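Engineer: build the 3D model from these lines:
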Amino acid sequence: MANVPQTHPPTAPGREIKKRKNLTYAEKWEIVKLINGGQTKLSAAKKYNINESTIRDIYKNREHIKKHIETTPPQVASQALRSRNQLLLKTEQLLLERYLNQQAKRNVTVDTREVTKWSK
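Structural biologist: Next up is the predicted model:
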C-alpha cells in the first residue's frame, strides 16, 4: 500500500489549476451576443477566462439560453446558473392556473400561503 498511484497527476511547476467558473444565463447570453456581433469564439473565451470549447458549447445551446432568458424575469436570469426542465415548469404553471380557476369558481380568496401549502 506504500506505492498507491495518485489519481491526478501533479501540476507542472509554475502552472495553476483552473477553478471551475459558473456562468449565469445573463453572462451566457452576453457571450452569444458577442459572437453574433462578429467577435471570435477565441477572443470571447479570453475575455471571460474560460476554455474555447466552453464557448462553443454555449453557442451551440444558444436557442435554449434564449428561451430561458425570454421566459424568466431579468433578476432571475442574472443569477440563474442552471434552468429547470421546461416541461416541468409548464406543467406546474398549468396546475396552478387550474387550482386558481377552481378557487375562483367557488368564490374562495387565495393568498400566497394557501398556494404554497397546496403546491406541496
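
Engineer: what's downstream of the helix ranked longest in the chain, the next helix or strand?
Structural biologist: Taking DSSP state H as the assignment, the helix of the chain that covers the most residues is helix 86-105. As assigned by DSSP states H and E, the chain's next helix or strand after helix 86-105 is helix 112-119.

Engineer: hmm, back to that, show residues contacting the longest helix of the chain.
Structural biologist: The contact list for helix 86-105, computed with C-beta atoms under 8 Å, 6 or more residues apart in numbering, reads 67, 71, 109-110, 115, 118-119. C-betas here are computed from N, CA, C, even on glycine.

Engineer: all helices of this protein, in order?
Structural biologist: Ranges of helices within the chain are 25-36, 41-48, 52-60, 62-71, 74-77, 86-105, 112-119, based on DSSP H.

Engineer: weakest of the ones you listed by average pLDDT?
Structural biologist: Among the helices of the chain, helix 74-77 carries the lowest mean pLDDT, a mean of 63.

Engineer: per-domain residue ranges of the chain.
Structural biologist: Domain ranges of the chain: 21-83, 84-120, per automatic domain parsing.

Engineer: out of these, which one sits most buried?
Structural biologist: With neighbours defined as mean count of other C-beta atoms under 10 Å, those peak in mean count at domain 21-83, which reaches a mean of 15.

Engineer: and that one, how far out from the chain middle?
Structural biologist: Between the mean C-alpha location of domain 21-83 and the chain-wide mean there is a distance of 9 Å, by C-alpha atoms, centre = their mean, to the nearest Å.

Engineer: can you list the helices of the chain in CSV and add distance to Lys19?
Structural biologist: As requested, the helices of the chain are arranged in CSV below (distance: least, C-beta to C-beta, whole Å):
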stretch, distance to Lys19
helix 25-36, 16
helix 41-48, 13
helix 52-60, 13
helix 62-71, 23
helix 74-77, 23
helix 86-105, 30
helix 112-119, 37
